[in-house]
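Enquirer: Sequence plus predicted model, see below.
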Amino acid sequence: MFKLHAVQAAFGDCLLLEYGDPAGPRFVLIDGGPARTYQAHLKPTVQRLVTNRGQLELAVLSHVDNDHVIGLLDLFGELRARAEAGRRHLGVKALWHNAFSQTIGREIDEETVREVPDLSAWAPDLADPLDVVARGIAEGDQLQRGASALGIPINPDFAGGLVLTEGGPRHSVQDLEIRVLGPSQKALEKLRKQWLAWLERQRDRDLTPGKDQSVPNLSSIMLLTESAGARALLPGDGRADEIVEGLKASGAWQTGDTFHVDLLKLPHHGSARNASPGFFRTVMADRYLICADGTNGNPDPPTLNWLVAAARDDRREFEIIATSQTQSLVDFVARFPPRDNHYRLRLMPARSHALAIALA
């Protein structure tokens, strides 16, 4: 058995993998979604599926954006409160999480970021990355403290260091095989240098508009998971070219011009900045999962257009699974009717906590 439960996380990500023996399934949680996700949807999902049947074999934070981390903070906070009160609580065997200071360099901390002049009044497009990073540093540290207080090992499969592709090609969590596709040490070093240079420019107010400065997104932990002969590609908010590079570097993609998975979660909620026409022609899936509610225009119309064009040219049928109805999906269906373009659209029912996707 291999299932993915897409938890309703609005504009964020919250995924629960269920695998192994149906009589005694195991669970891995990847990301926790933004504020209100835990109480509204993740908690009832965990109570229904996990609490009375075991524990989480692993929790993963792909990166420190608040649309991924807040639900995990809420989960760990409740577990800690129950533990301190001597009450029974859900067990979590391990946490995979790359702290910002480890990822980008210890010379960058919250104080360093706050030293940059306030750009919000005259360059809001460049102020946003600073706010995201400052929040991410604090939230990542808080998650680490919560895990430590609960006695949850952090990155034990990587000797307590960073979760990297160099940490080993495969990691087995009982009946689940996980390949870390990214980040690589080389990519992080490049990102670290770029970020340091960017910070220095901002101190001098030498602004360079139009550049994507989403450090958390570009350092996402990207995973290829496999169980019972089925594969799910879960790239967080990573970028298409880095996903392809990670598949090849990990040894998962050894031959051929294309790579197939049973399910692909669209990177960065279907943003066109993280996909490309060539990506969908080389990484093919039977099911495409979209975790987005229209915030920031996601999923982007070009992403959906590229997806259907690639599948149509290859004459293959596929399914689009979405956690929310969005205007871009409405427009897409009107332009590319499912029957004429060989796909099915499945939407999470309104007021549902999660949508189960059977992979094997």
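Expert: Here it is on my side, so go on. Numbering: from 1, shown residues only.

Enquirer: Look up how far M1 lies from S276.
Expert: Note on S276: its distance to M1, by Cβ to Cβ, to the nearest Å, is 34 Å. All C-beta spots, glycine's among them, are computed from the backbone N, C-alpha and C.

Enquirer: Then P44?
Expert: The value you get for P44 to M1, if Cβ to Cβ is used, is 21 Å.

Enquirer: So between the two, which is more surrounded?
Expert: Remark: of P44 and M1, M1 carries more neighbours, 17 against 14, as counted by other Cβ atoms under 10 Å.

Enquirer: low-scoring stretches of the stretch 101-250 of the chain, by residue?
Expert: For the stretch 101-250 of the chain, the stretches with pLDDT under 70 are 101, 104-136, 198-215.

Enquirer: what about the helices in it?
Expert: Per DSSP state H, counting those that start in this stretch, the stretch 101-250 of the chain carries helices over the ranges 110-114, 124-149, 185-203, 215-218, 240-249.

Enquirer: Give me the distance between the last one and the centre of its chain.
Expert: Looking back up the chat, that one is helix 240-249. For helix 240-249, the separation from the chain centroid amounts to 15 Å (computed by Cα atoms, centre = their mean, to the nearest Å).

Enquirer: what sits up against it?
Expert: Residues outside helix 240-249 that contact it (Cβ atoms under 8 Å, 6 or more residues apart in numbering) are 165, 180-184, 187, 218, 222, 224, 233, 235, 238, 253, 259, 267, 274-276, 278-279, 282-283.

Enquirer: Tabulate the CA atom coordinates of it in PDB.
Expert: The C-alpha trace of helix 240-249 is given here as PDB (Å, rounded to 0.1, in the frame of the first residue of the first chain):
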ATOM      1  CA  ALA A 240      12.500  22.500 -12.500                       C
ATOM      2  CA  ASP A 241      16.100  22.500 -13.600                       C
ATOM      3  CA  GLU A 242      17.300  21.600 -10.100                       C
ATOM      4  CA  ILE A 243      14.700  18.800  -9.900                       C
ATOM      5  CA  VAL A 244      16.000  17.200 -13.100                       C
ATOM      6  CA  GLU A 245      19.600  17.600 -12.000                       C
ATOM      7  CA  GLY A 246      18.700  16.000  -8.600                       C
ATOM      8  CA  LEU A 247      17.100  13.000 -10.300                       C
ATOM      9  CA  LYS A 248      20.200  12.400 -12.300                       C
ATOM     10  CA  ALA A 249      22.700  13.100  -9.500                       C
END
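
Enquirer: What residues sit buried inside it?
Expert: For helix 240-249, burial by neighbour count (16 or more other Cβ atoms under 10 Å) applies to 240, 242-247, 249.

Enquirer: Pick out whichever of these sits closest to P337.
Expert: Within the buried residues of helix 240-249, the smallest distance to P337 is 26.5 Å, found for A240 (Cβ to Cβ).

Enquirer: How much space separates that closest one from Q254?
Expert: Plainly put, A240 is 20 Å away from Q254 if you go by Cβ to Cβ.

Enquirer: and if you look at F100?
Expert: To Q254, F100 is 33 Å away according to Cβ to Cβ.

Enquirer: do the same with E189
Expert: 26 Å.

Enquirer: of the two, who's got more company?
Expert: E189 (13 against 9).

Enquirer: What helix or strand is K3 located in?
Expert: For K3, the host element (DSSP states H and E) is strand 2-7.

Enquirer: Packing partners of that strand?
Expert: With contacts taken as 3 or more Cβ pairs under 8 Å, 6 or more residues apart in numbering; DSSP states H and E, strand 2-7 sits against strand 15-19, strand 230-234, strand 354-358.

Enquirer: quick one: strands adjacent to it?
Expert: Strand 2-7 sits in its sheet next to strand 15-19 (antiparallel), strand 354-358 (antiparallel), going by DSSP bridges.

Enquirer: mind checking how far it is from the chain centre?
Expert: What separates the centre of strand 2-7 from the centre of its chain is 14 Å, taken as Cα atoms, centre = their mean.

Enquirer: quick check: angle from that strand to strand 230-234?
Expert: On the basis of axes from the mean of the first three to the mean of the last three Cα atoms, to 10 degrees, strand 2-7 is oriented at 30 degrees to strand 230-234.

Enquirer: what residues are up against the residue nearest the centre of the chain?
Expert: Taking Cα atoms, centre = their mean, the centroid of the chain lies closest to G236, which sits 2.4 Å from it. With contacts defined as Cβ under 8 Å, 6+ apart, G236 is in contact with 13, 31, 62-63, 68, 217, 220-223, 267-268.

Enquirer: Please apply the same query to V333.
Expert: By Cβ under 8 Å, 6+ apart, the contact list for V333 reads L345.

Enquirer: Check I221 too.
Expert: By Cβ under 8 Å, 6+ apart, I221 lies in contact with 60-63, 96, 98, 163, 180, 182-183, 236.

Enquirer: mind checking which of the strands paired with strand 2-7 is nearest L289?
Expert: Among the strands paired with strand 2-7, the nearest to L289 by Cβ to Cβ is strand 354-358 (7.1 Å).

Enquirer: average pLDDT across the closest one?
Expert: In this model, strand 354-358 has an average pLDDT of 98.

Enquirer: Check stretch 60-70 too.
Expert: 92.

Enquirer: Export it to PDB, keeping only CA atoms.
Expert: Taking Å, rounded to 0.1, in the frame of the first residue of the first chain, the C-alpha atoms of stretch 60-70 are listed here in PDB:
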ATOM      1  CA  VAL A  60      10.100  16.800   7.000                       C
ATOM      2  CA  LEU A  61      10.200  20.500   6.700                       C
ATOM      3  CA  SER A  62      11.100  21.200   3.000                       C
ATOM      4  CA  HIS A  63      12.100  24.800   3.800                       C
ATOM      5  CA  VAL A  64      11.300  27.600   6.200                       C
ATOM      6  CA  ASP A  65       8.600  29.600   4.300                       C
ATOM      7  CA  ASN A  66       5.700  30.100   6.700                       C
ATOM      8  CA  ASP A  67       3.300  28.400   4.200                       C
ATOM      9  CA  HIS A  68       5.200  25.200   5.000                       C
ATOM     10  CA  VAL A  69       6.500  25.500   8.600                       C
ATOM     11  CA  ILE A  70       3.700  27.000  10.700                       C
END
